[in-house]
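Undergrad: I'd like to go over a predicted model; first the sequence, then the structure.
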Amino acid sequence: MTAKILDGKAAAERLHARVEEQVQQRLKRGLRQPGLAVILVGNDPASSVYVGKKRKLCEQVGFISRGYDLPTNTSQSALLALVDELNADPAIDGILVQLPLPDHMDANAVIERIDPTKDVDGFHPVNMGRLALRLPGLHPCTPHGVMTLLRDAGVPLEGKDAIVLGQSNIVGRPMALELLNARCTPTICHSRTADLAAKVARADVVVAAVGKPHFVQGDWIKPGAVVVDVGIHRTDSGKLTGDVEYASAAERAGWITPVPGGVGPMTVATLLENTLQAAEERDAAN
Ligand code: GUN
């Protein structure tokens, strides 16, 4: 078997077009442009690249994009004061604080300071709680983007056994909740999980978010399984690669996401979708 490709770049472009169209509709109805504030603390090179993409796409779909680049030695209280200011700003619908933050900062305290209605990352306990309770809300971008990609491709999920590799707050935990809400039977695996390869071999859906290049070996994959690779790493030769051994996994899988061009573009497209949703909900509430 050779897997079908889950083309995240193409699906993300369709989502950008839908968001752009809805922004145009808002403007015709006399409503504001949605506004997103993206805060970057320090100069982590990967974070700078991601933030640059987010800001560029915001402008492309017709949002107001506000960038805040703060030095590494910014105090926690100065960052919290900026969050307070943006919470109160009527032109801003979404606030994103790029993670990781420098070591002297408490990321949980910063996330909890964001108004949950402006938490377009979906990381606030209120939004994570709403996802767990199957209530509408702002859902974390990467897992929600994966679900959009799978739905867009018509991949059947109901009743499937799913394995999520990685238990992070940003990906693993909300991913398992999304899969549960889609009526899969999810299992979260992590660094203490026993018999990992055997568990992966039984899974109909595998989502890899371990942060280690080529961690998931192709011969672990059940023939016909859906393989979603959230990892992105630069090899010594400068190429981008994921958490999965792509070539050997693609020989066995039924569906697979490439790296790059799979999950990454869906994360950013979902951020746009969440910001539009936050703007629409703010207007409906006022
Ligand atoms: N760092 C890695 N992924 C993300 C994300 O989706 N949002 C934020 N804010 N930071 C990240």
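TA: That came in fine, so what should we check first? Source: prediction; values computed, not measured. Residues are numbered from 1 along each chain as shown.

Undergrad: Now the protein against the ligand: closest residue?
TA: With C-beta to the nearest ligand atom as the measure, L99 is the residue of the chain nearest to the ligand, at 3.7 Å. Bear in mind the C-beta positions are built from the backbone N, C-alpha and C, glycine included.

Undergrad: Could you report the pLDDT at that residue?
TA: At L99, the model reports a pLDDT of 97.

Undergrad: Then P90?
TA: 97.

Undergrad: D229 now?
TA: 98.

Undergrad: same question, M1
TA: So M1 comes in at 70 (pLDDT).

Undergrad: hmm, back to that, surely the residue of the chain closest to the ligand touches D106?
TA: No: contact criterion C-beta atoms under 8 Å: L99 and D106 do not qualify, at 12.0 Å.

Undergrad: the more surrounded of those two?
TA: Using other C-beta atoms under 10 Å as the criterion, L99 and D106 rank with L99 on top: 17 against 12.

Undergrad: circling back: check the burial of the closest residue to the residue of the chain closest to the ligand other than its chain neighbours by counting its neighbours.
TA: Nearest residue to L99, sequence neighbours excluded (C-beta to C-beta, 6 or more residues apart in numbering): A107, at 6.0 Å. For A107, the neighbour count with other C-beta under 10 Å is 14.

Undergrad: follow-up on the earlier one: and the residue of the chain closest to the ligand, which of the three is it?
TA: coil (DSSP: H, G, I helix; E, B strand; the rest coil).

Undergrad: List the contacts of it.
TA: Shown in contact with L99 (C-beta atoms under 8 Å, 6 or more residues apart in numbering): S47, A107, I170.

Undergrad: got the phi/psi numbers for it?
TA: Dihedral pair for L99: phi -110, psi 150, per degrees, to the nearest 10.

Undergrad: where's it relative to T72, distance?
TA: Taking C-beta to C-beta, to the nearest Å as the criterion, L99 is separated from T72 by 14 Å.

Undergrad: And for G129?
TA: 32 Å.

Undergrad: how about the residues of this structure that lie near the ligand?
TA: Listed as neighbours of the ligand in the chain under the rule C-beta under 6 Å from any ligand atom: L96, V97, Q98, L99, D121, C141, T142, I170, T267.

Undergrad: Now that A269 has come up, it's in contact with V146, right?
TA: No: between A269 and V146 there is no contact under C-beta under 8 Å: 11.5 Å.

Undergrad: Do a quick rundown of the helices in the protein.
TA: 8-28, 45-60, 76-87, 107-113, 125-132, 141-152, 172-181, 196-202, 246-252, 263-285 (DSSP state H).

Undergrad: Adding mean pLDDT, write these out as CSV.
TA: Converted to CSV, the helices of the chain look like this (pLDDT from 0 to 100):
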stretch, mean pLDDT
helix 8-28, 98
helix 45-60, 95
helix 76-87, 98
helix 107-113, 98
helix 125-132, 98
helix 141-152, 98
helix 172-181, 98
helix 196-202, 98
helix 246-252, 98
helix 263-285, 97
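
Undergrad: for these, which one sits closest to D161?
TA: helix 196-202 (6.3 Å; C-beta to C-beta).

Undergrad: Mind listing residues that contact the closest one?
TA: D161, I163, L165, T187, C189, T193, V206, V216, Q217, W220, I221, K222.

Undergrad: The same query, at a cut-off of 7 Å, please.
TA: D161, I163, T187, C189, T193, V206, V216, W220, K222 (C-beta atoms under 7 Å, 6 or more residues apart in numbering).

Undergrad: From E13, how far out is the fifth one?
TA: Between T193 and E13 the distance, using C-beta to C-beta, works out to 36 Å.

Undergrad: The first one now?
TA: Here the distance between D161 and E13 works out to 31 Å (C-beta to C-beta).
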